[in-house]
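>>> Any chance you could fold what I've pasted below:
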Amino acid sequence: MENKNFFAHETAVIDEPCTIGKGTKIWHFSHIMSNCSLGENCNIGQNVVVSPDVHLGNNVKVQNNVSIYTGVNCEDDVFLGPSMVFTNVMNPRSAVNRKSEYMKTTVRKGASIGANATIVCGNDIGKYAFIGAGAVVVKEVKPYALVVGNPSKQIGWMSEYGHRLNFDDKGFATCPESREKYQLKNDLVHKIN
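Numbers count the residues shown, from 1 in each chain. Sure thing, here's the model as predicted:
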């Protein structure tokens, strides 16, 4: 690639055409396939596959052994934990070609997906949501939601800094680290500016 302003380990494979932002790092044995777009300052761990037409925003962290299949898009500041899994077809069969049936999944800004979690295709992950390790997500996840288990269920809410939010009886909470304030109203969380 001309004007390379990113780092790729010598064992990484990068198919053309694709776009890779400034400051991005691609580590050992990873494969970036054609027509991908990786933003600036991403970190692509070892043994990662980014399939054709996938878009990753800026500052996306992809840990080792993750495959990001066609139909998946991640906004800025997303964290994909080690060996987490995306799917892109609801009813896969080896002998039936379903490439025209790939479902879309969007992971919104700032969301974190824990190690070994599975995201079943077609279920968007809300901004700053937190998916616990090993969770199996089978429905849409709300912004700031904390979900765990198989099948996953929501057990609480998280701040943008990744701390559990404890709402008072008026529906307000404060992040213990950032001191940012949040409101819970109509079963949705909003940060108060």
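>>> CA only for contacts and neighbour counts going forward, please
Will do.
>>> Stretch 181-189: which residues count as buried?
Applying a neighbour-count criterion of 16 or more other CA atoms under 10 Å, one finds K181, Y182, Q183, L184, V189 buried in stretch 181-189.
>>> Distance of the second one relative to D169?
Taking CA to CA, to the nearest Å as the criterion, Y182 is separated from D169 by 13 Å.
>>> repeat for the third one
For Q183, the distance to D169 (CA to CA) stands at 11 Å.
>>> The fourth one now?
Distance, L184 to D169, using CA to CA: 10 Å.
>>> picking that back up, quick one: the buried residues of stretch 181-189 as CSV, columns for distance to K139, secondary structure and pLDDT too.
Shown next, in CSV, are those (distance: CA to CA, whole Å; DSSP: H, G, I helix; E, B strand; the rest coil; pLDDT from 0 to 100):
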residue, distance to K139, secondary structure, pLDDT
K181, 27, strand, 98
Y182, 24, strand, 98
Q183, 23, strand, 98
L184, 21, strand, 98
V189, 18, strand, 98
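>>> From those, pick the one nearest Q46.
Nearest to Q46 among the buried residues of stretch 181-189 is V189, at 34.9 Å by CA to CA.
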